[in-house]
Structures are given as structure tokens and as C-alpha cells.
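Give me coordinates for this.
(3 chains)
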Amino acid sequence: MKSFTYQRVTTPAEAAAAIADKPGAKFLAGGTNLLDLMKLQIETPAHLIDIGRIGLDKIEPTANGGLRIGALVSNTDLAADPKIRKDYGVLSRALLAGASGQLRNKATTAGNLLQRTRCPYFYDTNQPCNKRVPGSGCAAIAGFSKQLAVIGSSDACIATHPSDMAVGMMALDAVVETINPAGKTRQIPISQLYRLPGKTPHLETNLEKNELITSVVLPAPVGGTHIYHKVRDRASYAFALVSVAAILFKDGSGKIAIGGVAPRPWRVPGAEKLIPSGAKAFAAKLMEGARPTQDNKYKLALVERTIELVLKEGKS
Amino acid sequence: MKFDKPAGQNPIDQLKVVGKPTDRIEGPLKTTGTAKYAYEYNEQVTNPAYGYILGAAIARGTITRIDQTAAKAAPGVLAIVTAANAGPLQTGKFYVSRFLAGPQVDHYHQAVAIVVAETFEQARSAAALLKVEYKKQAGDYDLEASKGSAQPPNPGPYTPPGETLIGDFEGAFKAAEVKIDQTYSTPDQAHAMMEPHATIAKWDGDKLTCWCTIQQLNWGIRDLGVILGIPKENVRLISAYIGGGFGGKGTVLSDLVAASLAARAAGRPVKLTLQRPLMFNNTIHRPKTIQRIRIGAKQDGTITAIGHESWSGNLPGGMTESTIASTRLLYAGANRLTRLRLAVLHLVEGSAMRAPGEASGMMALEIAMDEMAEKLQMDPVDFRIKNDTQEDPEKPGRKFSTRKLVECLREGADKFGWERRNAKPGIIREGDWLIGMGVAAAMRGAPITKSAARVRLDSSGKITVETDMTDIGTGSYTIIAQTAAEMMGVGIDQVQVKLGDSSFPESSGSGGQWGAASSTSGVYAACMKLREAVAGKLGFDVEKAQFSDGRITVGDRSAALADAAKNGELVAEDTMTYGELSKEYAQDTFGAHFVEVGVNAFTYEIRVRRMLAVCHAGRILNPKAARSQVIGAMTMGVGAALMEEMVVDKKVGFFVNHDLAGYEVPVHADIPHQEVILLEDIDPTMSPMKAKGIGELGIVGVAAAVANAVYNATGIRVRDYPVTLDKLLRAV
Amino acid sequence: MGETMKEENSAGNISRREMLAGTAIAVTTLALTKVTGVEAASPPQAVVPVVSAEVSFTVNGKIQKLEIDTRTTLLDSLREHLHLTGTKKGCDHGQCGACTVLVNGKRINSCLSLALQHENDSITTIEGLGTPEKLHPMQSAFIKHDGYQCGYCTPGQICSAVAVLEEIKAGIPSHASGDLNAEMLFTNAEFRERMSGNICRCGAYSNIAEAAAEVAGA
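All right, here's what the predicted structure looks like:
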């Protein structure tokens, strides 16, 4: 871990201003991913701005019947929130399927969204990785890729996004709210938050430099049956091979996002009209253009089968 | 004391303390965080520097240059050790690894340099400032590809013959009425003990003291002496508590060497722990195997031919994974073949992990037995029972000292509800889950080896035992206390046990499941001497004396033990050594594992629902700790069956998933309530304790029982471990 | 070891101090200790700063004030600076749970937290739950049910198990909960799911679950 200076701030505005002052600065929220990566010198901030105590830890109703989740609400508190449990079950379930109790206590909403891939080659600084060192190459494509992306990937990168929470939020059409160092705020639909790797896999989101996520807004409850099904060999404390976040309605329609298959939670709204036709038709459209490796082509079958299971659960 | 004929009646047979389920005597320390592990001797070493290892970035080649400029200039840096300034280093007597690369690099993450700094944070960041240039060399990393070049292994103390042939295997197999010929593979596995390898090294002149975490302290002083080129008498190792080993801390590994070199270079005591992501490619592991098994039988299920051929790889000079060990003894059959072949691979060294050889071998053999039973349309329990043998199949007339495999299978089948299993796979379903049951036999050798101890009696009547035995979670502290209490006729609360210090009498150490039986026998021998000393001091005839309730009694004369020490502590020391009984008898432990799994009919996720082990493993000294050893081994067996695999990147030449997120081991959610039945067994051919080990037996066969249960649930036979959902999906 | 421990290694010359938002940050140039032995590092040509800062928190009821390298994790501050070695380092990357401690009553991985993040926090470690002479009920239950073998993951398991019972009481759901909106109860499945962030390679899980069930009165 490289040496860094450390600063504690008390308001979002102060945080946004502080980062503009300091070259190489990063925000520190829960730290469960950032410190992990700093120990390996995958992240090497020169300055940390601890935003752990700037508020943003409330879940509040919005004017149009939705909820505004503060960026620093812990994963545990978000999953346990009565309104989330009641009206946004898919989100609660997604959170609870991720990490461990200890990590969920510390990890934050914004930090979870921005966590980085768990690709083993990204984690080993001896190996080429275009995400870590742009232009160095990708060792994963010809290497061990059982866990990695089958769709949305590129010749430069086949990393997956590891979050479960973000998959739930994708199905819920959440909107991310930010502030920049100039104090300007904006809203980004979660479907627009993440970039696909293309030739620049080190650019992971559409956030501007030093832009701080302040909250995530959920639209008014849409009802339906909420299911999050995470598939993994180990029964817990493991990243998804495939996960399915689904909101299913009585009329057979639904909203479905997939985790573990792409550089971002994977959702193709245009495919969702096929949900009533069943898993096979929907999965085929959803995964159109997939480019799996030998190691991970099982994920295509697994996506279809997990959707089939989820649709069956939705009916029962 | 020499043990060379079967034991008769002796004080242990009273079973007032031995044989009783007993809480671990060190429990209050372990549960309150006050048991001290290697890295935690802050009172003994008050001014340590910190060492940090930089591992090689390539799998094979040479180091052409190490630019230390930036690292040396980094804050707090005290010294940097590389092959250039470390002085000559030899290889130890057990592992073939060189613990410092340079100029050659033998494997990925081999230590290239050790940076010593004032703090851990400084050492870690300075290590990252070292600029190492390499010249890469091509290497062999793929066992499948190197199989053809594999050679018979060199003979060694832990290596069976490269080939055994009894009768006419090929002829009998060819002629067999029913047969199978299948190939299986087991992957590279990591010990992944919770405490990383760690050492605090401190030099006083030419004397070296290391607080470390190794299982065999006698091997440790020998190997560290050899490696550093100093007399072993100058080395003292202390491993009072060891945070798990499973064979992965057998003797000296890189942490001990690096800390010793670093402390010498810095002129300060040095603390050094292997960072978890380094451990997988830096230390040792259970190597991958490819195994071909051929079984031929008559229609009635009588095995007529059994053949087991196995390939593994290692660094040049490394050990062979002796997968065929159980096959030589487990089932009858007149015509037999085993064959071991070893290829050179340039991955980190393969070596002992819990039940080395047997665990991987039985992962394959016990699937083969399941396949054969199905082909014969026999119940797999019955098929195994039919082919039981009460004598060594390679040496007719050589009896097993004790062997209740059949009873294990029958008792287990009865208790598990085996009759509810549907022989036809893929039939039983509960909701979305396909349900299956599997069985496997278990067998593991029961080696026993010389072990010494010293016992002291003080004027308060308290007994202190000192031996360099280790407790790696096995329960050594407690069974040694039980043994001394039984022998001296005192309560267990009157016994203090001091372990894990190489300055104590040399014990068996912990390995090969020989620790419990061996170390307690050494304590038995020392206690016999102490009994003599007490009797002599107080004028009793030791042959007639009773030791109980803290007293020595002959007839109606009695005295407190404490009286014997009122003018000074009594000290006795002895070593238990062994004659030829292990040649005369086949001494082994046996068991049967029963497993029920659910397999999700959609996703093919596999979840273990029920597990039962029945074990026959000599006298059980502490049923509580023995049961724990077995459930722990069953857990590791579930890992082996369902998730554990260090994946080789065959281009780069390393284990890719080298941390505890990538290398999955079972978590709480994977393991249901586990049942263990310990069958009564007293084996007088072993030692006066009449005990054997059980900690390794517990893992043998588990993975196959799980795999067989998955087959029974799904009808899909996976022969390449681990049995993961992607492999099931591929077969759908 | 007093109530305030100063980082031993910050004995160098403090060249500059700056105050930032209530946190003292010291940029310290370390004077290298003279060393003997083979090829010790020569004094640096260029000065590279080590940054240290002060933090104060309560550990097991006792206020601790530390001046430490900003990089120090909560785990290393406990083990290396306060010499509370009951909290274990198993992986240092949040992958094993051996470092679990309670911060303001909630369990976290102390390896993935900077000590500086815990200004004014109240931390409970295994040493704070009980002592060999006065065991916490969970510690007693682990002994009785043999919920450990090597003992290395044990402090983390116990801290986690204590917190799990509280989480269930507080109605926090888990992945194993059938109905998110129902009352949370201690069951074997609930406990095992909630404890899955604490790896025990010795495989004492079955016994740990029994120990916790006894404490939970389940």
C-alpha cells in the first residue's frame, strides 16, 4: 500500500470540494473494496477523503412515492429497511445474497455500485490487464475465465461486475444522483451508469472525474413478485456465476436483470416483451451477441435455466 | 521403552480419564484470544522489525536484475535480502523447494527478495518498489500434456513402489465377466489453513530462536539448520499454538527461512508472515492427479482384477502423490496392479496434505467402485462388503491388526437409512431438488513412530508434561493431559501440558495421523518412569502399586504423590520406540461415509443435506476431539468434492485463483449437521495406548461419497473433481 | 502498555504538520535506524514521506490514542500497536472473517478498515467479551460443544456469533430468510448463512452451530 494523506470531511459539498484540491485523491467510504485493492497496489491514491461521516445515511421517501437511499447507507441497513423489504424485495434479496454479514455492515450503497471486478488477473499485478494497466493486454481471455463475462465484453476485457445489489437496482430502474466539485448535481439512470469495456476497460462508469454519488433513487413501488436468485457452487460468501433479479407481474410481464455475465448488470428492456413466451425465448434475446469462452459458455445455459426457475417461482 | 510385542493390560486400560469425552484443556485460551500463535510473541520480542516477501512474477526463468534503489530509499527500510546477499542456502531434507529464487526462478511467487522495515506498512510498500527483471524460460505446467514423459518415482520413505503386480492382472482383467476402465482426475488443492505461515526470528549471536508455525519441530530444526548451514543445536523453534496445518506446515517453508535471513541482515528480530495471496504459489499443495482404474469381477461381484495407475507432477526431485496406497489393501482380488508415475512440472512443490495419497486415490477408487456396483447391478454397500479382506491381499497370511470395514458399512447403512436410496439415479425429487445418496469406504494407514516426553511431579502433586509435540487443532494438549492423568492417577486438572518447543524431548510431531497414538505413547513411557521414581522415593514396589486419587497405594499402605517431590521435583523422561509389529500386521484405520445431496434441477447447484461417518480407528482417546477431527475432515472432503481447485494457467504457469475468494473452501452454509459413529476398537499391536489416528481417515472417501450421491441424484457421472455445476450442465 | 501508545517508529523528525478537518496529519521523515548485518539499506538519497496521524477510539471500554501510519488497518492497530492479538489476521483481504470485531455493536472485518476510520468508535474484541476466568456464554458454549480445533478462526467466529444473535433479535433478514417481512428466528439454516463470512478450515461448523443454538436458547 502506498503512503497517502488522510482527511475527514463532514458534508458532501466539502467532500466534493476537497477532491478537486488534491491530485490523486479518492473518496473512502466503507473501504471494503478500496483497501483490499490498495493493499495490492491496484489502487494507489495519494490522498484519501474519508466520507464516512458526511451524513447521506438515510433512506427517505421521494415526492413521487419512491425512496431516496443515501450513498452511505450500509448494505445491511438497506437490506433490512422495512420499506425496502416490503416494496423492493428484489433489492433486499440481492443485497443479502452478496458478501458476508461483516462486509455488508461496512459496505455502502455507493461503494457497492462502484466496486471493481474480481477477475483474478485484475487482482494479480504481475499479469497484464487492460483494466488495471491500459494497453497491457488481457490475460483472462486465454486464461481461466470460468467466472468471467459472456456478453458485453470485448477483445480487451472480459471482466464481470461483481455486485449483486446493482443487479437488483437495475431491475428496479434506479437512478443515481451525484454532485461534482463545482457543486453541480445530476441524475443518472443506473442503466447509464456503467460503460462497456470496448477498447477502454479502465473506464468503468460514466461518472465524471471527482463526481461523488450522493444517493440512489428508487421509483415508486411497481408491485409484482420480487425474486433474486443467485447461482454459485459455494452456498454462500461467493460471487455469482449467474444471478437473476426479477420483478414479475400477474399478466406474465416482468423486468429482469442478470448478474455475473457481463461487465455491468445485464438488462435488455427490449427483450422483456418475450418474458411471457418463456425462459428460452427471452434468454435467447437477452443474451443475443454473447461471446463466451470455452470456460464459461455454460453460463448461457445457466442463464436460461435460472430464468426458467425464477419464472416458475414467480407463478407459484 | 521399546514396544515390540502386543500390549497387555496396563494402567491406560482403567479408562478413568482416557476415552472420556473431554473438553480441550486449552479451550479457555483459544476462545478468549489468549492462546499465542507465532506472530504474537510481543512480550518476548519487544522491538521487532517487519519482513515482507516479494514473490517471483514469472513461473520459470532467471532474474537478470533487481533494482533496489527506490526500495532502499523508502522510509523505514532496514535491509533487503536477495540471493545475492543471503549467503549460501541449501535445500531441506523434506521439501525440495528452494526458498529464495536467484538467479533461477523455479516457480511462480517463489521468494525473490525480503524487505525489512520498521513497520509492516513500510515493508509492504517498499517491497513493491523493487524492480525485478527476468528472463523467462519455457516450462511444463500441464499434467495431461506431460503425462507421457512421466517416470516411476524415486524410492523414498513416503513413496510406495512405482509398480506392484500380483498374479496376472492384464489376463484376469481381460477375462473378467464384468469390468470397468475409467480415468479420473483430482485437482491441485490448497491446505488453506486459517493461520498463514508466520515466523518471528531472533538471533542471539549464532543461536537462532524462531516462534513459528510448523507441525514437526524435529524436522524443523534439522531443516532450518541444513538450509542455513548452522548446527541444528543452535536452532530453537517454538510452535505452542498452530492455526491449522493439514500437512501444509510440515516443516520449514519460506517464512522461516526468510525471517531468519532478514533478522540476520537487519540485526534485529524480524516478524514475517506470508501474505495470503502469496501462499498458494509459494508454499506447498496437494498435487493434481490423473488416475486410471480398471476393475474386473465375476457376475456375482467377486473382484478378480483390480488395477490403479496414477500420474502426478512435481518440481524435479519432489514426491509422488501416492494415490494407490489404499488400493493395495482395501479390497480382495487375486490379480492386482498398481503403478505410479511422476512428471516434472514447474509449478510450486506438491507435497503432503491431509491423508496424502489416500485422499486423492480414494476420490477416484471409490467412484470406480460405485460405477462397478452399478454395472453389476449390486448395491454399492454390498459390493464393498463382498470384497472385504481380512488379510493383506498382496501378502496372504499377513493379517490386519484390526479391521471392521464391513461393520462400518453395515452400521452406517443402517443409521443413515440407506435402504431408502433408489438404485436408479435421477428418480427422487423434492420440489426443485433432485435427491441422491452416496457411499464410500475409507481407509488410511495407522503409522506410529518414536516419541519422547518428560514428566515432572512437583511438591503440590501436580504433573507437568513437556514434549515438542504440536497441537494443530488435533487435541494433542488434551489427550496428553488425559494420558498423564491416567498414568499417574491424578485428575486432568492436576496436569499441565507444555508443547511445541524444540528444546523439549523430541516427539513424533503432527503428521500422517501418527501424532495422537505416537505422542501419547511417549508420554506413557515417561510416566512409567515417573511411577518408578515415585515408588522408589517412597519405598513402594512399583509392580504392585496402584496410582489413583493423587496417591500411590500398595495394600493398605498409601502415600500422596506429592510426598515423593517434597524435597524436590521428580523428573522422568523416556522415548517410546517400536519393533516389527507394523511389518507383522497391516495396521490401518477404516471407515464408511454416507452422504445425501440435493441438486437443483434447474441450476444444478449441489448442496449437501446429510452426512454420516462411521470410523474404526483404534482406541479413541478423547471421543469429543476425535469426533471433531472427523467432522472437520468431512468438511474438507466436501470442499474437495464440490469446490476446491487451484486452477493452473497453463500459459503463464501458476495457480490463478490464489486467494481465499478465488480458492473456495466450504463455509458454514455448505455444511449440515454431521453425524459420526466411532466403533469400539482396541488395537494392542499399536502401542500400550492401543490407539491409532483418525484425523486423516475422516477425509478419505468423503469426496467420492459426495460425487456418488450427485450421480445418484442426477444420473450424471463427473470423473473430474471438483464436481461443479458447470460440469453437470455440460452433460445435460 | 499504557492507555496511550505512540507509534514507536515515528521517532524521526517531524518536518511538517498540517491540520485537516480535525485530524492531525503528520508527514514524518523517518531517521533510519543504523543497522548491522549484510547489506543494510544505506541512508536514503531522497526523502520520502511517511504519513502518520492521530486517532482515538475505545477498545473494550478503554480509551486508546494512537499516532500511526495512515495505512494502518484497524486490525494491525489492535494486533501490532495495542498488542491485542486475540483478533486474527487470516487473509487481510476480507475473505475469511478471522479479524471480525464489533464496532459500535456491529461486526466488521477489521482488516478492511483503516484505524483512522474509527475516531471515537467503540470497539469490542474477543478479549472484551470474556477472559479465561470469566467466559462469555458464547465462549463457554464453544468449549462445551468443541466449536473449534486449531483456534485461529475462533475469536472471529465467536465475535460473529455474538453479533448474529443480536442481528436476529434486531430483525435483520438474511439470504436464508423465507419471508423478508416475518419475524426473524434462530434456526440452523439462518445461523449457517449468517456465519458464512467466517471460514473455519478445521471444519468445526457443525459444532459451532450447536454452540450458538445453545446460547440462543434454540
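
can you list the residues of the stretch 1-150 of chain A near chain B?
A:1-3, A:39-41, A:118, A:120-121, A:123-124, A:126-127, A:139, A:142-144, A:146 (Cβ under 8 Å from any Cβ of the partner chain). All C-beta spots, glycine's among them, are computed from the backbone N, C-alpha and C.

Filter the residues you listed down to the buried ones and hand me the ChimeraX line.
Provided next is the ChimeraX selection string for whichever of the residues of the stretch 1-150 of chain A next to chain B are buried by 16 or more other Cβ atoms under 10 Å in any protein chain shown:
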select /A:1,2,3,39,40,41,118,120,121,123,124,126,127,139,143,144,146
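
Looking at the residues of the stretch 1-150 of chain A next to chain B, which are in helices?
A:39, A:120-121, A:123 (DSSP state H).

Redo those residues as JSON lines? Include distance to chain C and pLDDT.
Written out in JSON lines, the entries for those read as follows (distance: Cβ to the nearest Cβ, whole Å; pLDDT from 0 to 100):
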{"residue": "A:Lys39", "distance to chain C": "7", "pLDDT": "98"}
{"residue": "A:Pro120", "distance to chain C": "13", "pLDDT": "98"}
{"residue": "A:Tyr121", "distance to chain C": "16", "pLDDT": "98"}
{"residue": "A:Tyr123", "distance to chain C": "9", "pLDDT": "98"}
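
Next, give me the two most distant ones among the residues you listed.
A:Lys39 and A:Tyr121 (17.3 Å; Cβ to Cβ).

Would you map out the domains in the chain?
In the absence of a named chain, chain A is used. Per the TED database, the domain ranges recorded for chain A read A:5-50, A:225-314.

should've been chain B
Listed domain ranges for chain B are B:2-24+B:448-577, B:38-137+B:193-281, B:147-188+B:286-446+B:584-731 (source: automatic domain parsing).

Out of those domains, flag the one nearest A:Val167.
Using Cβ to Cβ, these put domain B:147-188+B:286-446+B:584-731 closest to A:Val167, at 16.0 Å.

The closest one and chain A in contact?
Yes. Applying Cβ under 8 Å from any Cβ, one finds domain B:147-188+B:286-446+B:584-731 in contact with chain A at B:432, B:600, B:602-607, B:642-643, B:647, B:649, B:651-652, B:656-659, B:661-662, B:664, B:666-670, B:722, B:724-726, B:729-730.

just stretch C:91-102 next, same as before
Yes. Residues of stretch C:91-102 contacting chain A under Cβ under 8 Å from any Cβ: C:92-94, C:97, C:100.

is chain B contacted by that stretch?
Yes. Contact of stretch C:91-102 with chain B (Cβ under 8 Å from any Cβ) involves C:91-93, C:95-96, C:98.

Quick check: longest helix in chain A by residues?
Under DSSP H, chain A gives helix A:298-315 as its longest helix.

Rounded mean pLDDT for it, please.
Throughout helix A:298-315, pLDDT has a mean value of 97.

For that helix, name the packing helices and strands.
When contacts are defined as 3 or more Cβ pairs under 8 Å, 6 or more residues apart in numbering or on different chains; DSSP states H and E, helix A:298-315 sits against strand A:225-231, strand A:242-248, strand A:254-259, helix A:279-286, helix B:725-731.

what about the last one, distance to the chain center?
Its chain's average C-alpha position is 31 Å from that of helix B:725-731, according to Cα atoms, centre = their mean, to the nearest Å.

Can you pull out the residues in contact with it?
Identification of contacts with helix B:725-731 by Cβ atoms under 8 Å, 6 or more residues apart in numbering or on different chains yields A:146, A:231, A:233, A:241, A:298, A:301-302, A:305, B:599, B:603-606, B:710, B:714, B:716, B:718, B:720.

got the buried residues for that helix?
Of the residues in helix B:725-731, B:725-729 count as buried by neighbour count, 16+ other Cβ under 10 Å.

Quick check, pLDDT for the one residue in the stretch 51-200 of chain B that gets nearest to chain A.
Residue of the stretch 51-200 of chain B nearest chain A, by Cβ to the nearest Cβ: B:Ala57 (3.8 Å). For B:Ala57, the pLDDT comes out at 98.

and if you look at B:Pro157?
For B:Pro157, pLDDT reads 84.

Please, which helix or strand holds whichever residue of the stretch 101-250 of chain A sits closest to chain C?
In the stretch 101-250 of chain A, the residue that lies nearest chain C is A:Ser236 (3.5 Å; Cβ to the nearest Cβ). A:Ser236 belongs to no helix or strand when assigned by DSSP states H and E.

What about it, how many residues nearby?
Counted by other Cβ atoms under 10 Å in any protein chain shown, the residues lying close to A:Ser236 total 24.

list the contacts for it?
Applying Cβ under 8 Å, 6+ apart to A:Ser236 gives the contacts A:100, B:667-670, C:175, C:192-193, C:196.

Out of these, which is nearest to B:Pro6?
Nearest member of those to B:Pro6, counting by Cβ to Cβ, is B:Asp670, at 42.7 Å.

Give me the angle between the longest helix of chain A and strand A:254-259.
150 degrees (axes from the mean of the first three to the mean of the last three Cα atoms, to 10 degrees).

Show me what counts as buried in helix A:298-315.
For helix A:298-315, by 16+ other Cβ under 10 Å, it's A:298-311, A:313-314.

what's near enough to touch the residue in the stretch 51-200 of chain A that chain C sits nearest to?
In the stretch 51-200 of chain A, the residue found nearest to chain C is A:Ser100; the distance is 2.3 Å by Cβ to the nearest Cβ. Contacts for A:Ser100 (Cβ under 8 Å, 6+ apart) come out as A:236-237, C:97, C:109, C:196-198.

swap in B:Thr464?
Per Cβ under 8 Å, 6+ apart, neighbours of B:Thr464: B:455-456, B:458, B:495-498.

What of A:Thr62?
A:68, A:217.

The same query, at a cut-off of 10 Å, please.
Residues in contact with A:Thr62 (Cβ atoms under 10 Å, 6 or more residues apart in numbering or on different chains) are A:68, A:175, A:215, A:217-220.

Just these: which are in strands?
A:68, A:175, A:215, A:217-218 (DSSP state E).

Mind pulling up the pLDDT for the residue of the stretch 51-200 of chain A closest to chain C?
Residue-level pLDDT assigned to A:Ser100 equals 98.

Lowest mean pLDDT among the helices and strands, pick that one out for chain C.
Taking mean pLDDT, DSSP states H and E as the measure, the helix or strand of chain C with the lowest value is strand C:13-20, at a mean of 32.

Am I right that C:Glu214 falls within a strand?
No. Assessed with DSSP: H, G, I helix; E, B strand; the rest coil, C:Glu214 is helix; it does not lie in a strand.

Go ahead and confirm it touches C:Leu165.
No. When contacts are counted by Cβ atoms under 10 Å, C:Glu214 is not listed as touching C:Leu165 (11.1 Å).

tell me, what's touching those two both at once?
Joint contacts of C:Glu214 and C:Leu165 (Cβ under 10 Å, 6+ apart) are C:137-138.

State the pair within the contacts of A:Thr62 that is farthest apart.
A:Ser215 and A:Ala220 (16.0 Å).

The two: which is more packed in?
Neighbour totals were compared for A:Ser215 and A:Ala220, and A:Ser215 leads with 26 against 12 (other Cβ under 10 Å).

List the contacts of that one.
A:12, A:56, A:58-60, A:62, A:67-73, A:109-110, A:175-179, A:185, A:187.

run the last query once more with 8 Å
A:56, A:68-71, A:109, A:176-177.

same check, this time on B:Thr283
B:191, B:197, B:248, B:253-254, B:274, B:348.

Try it again at 6 Å.
B:Leu253 (Cβ atoms under 6 Å, 6 or more residues apart in numbering or on different chains).
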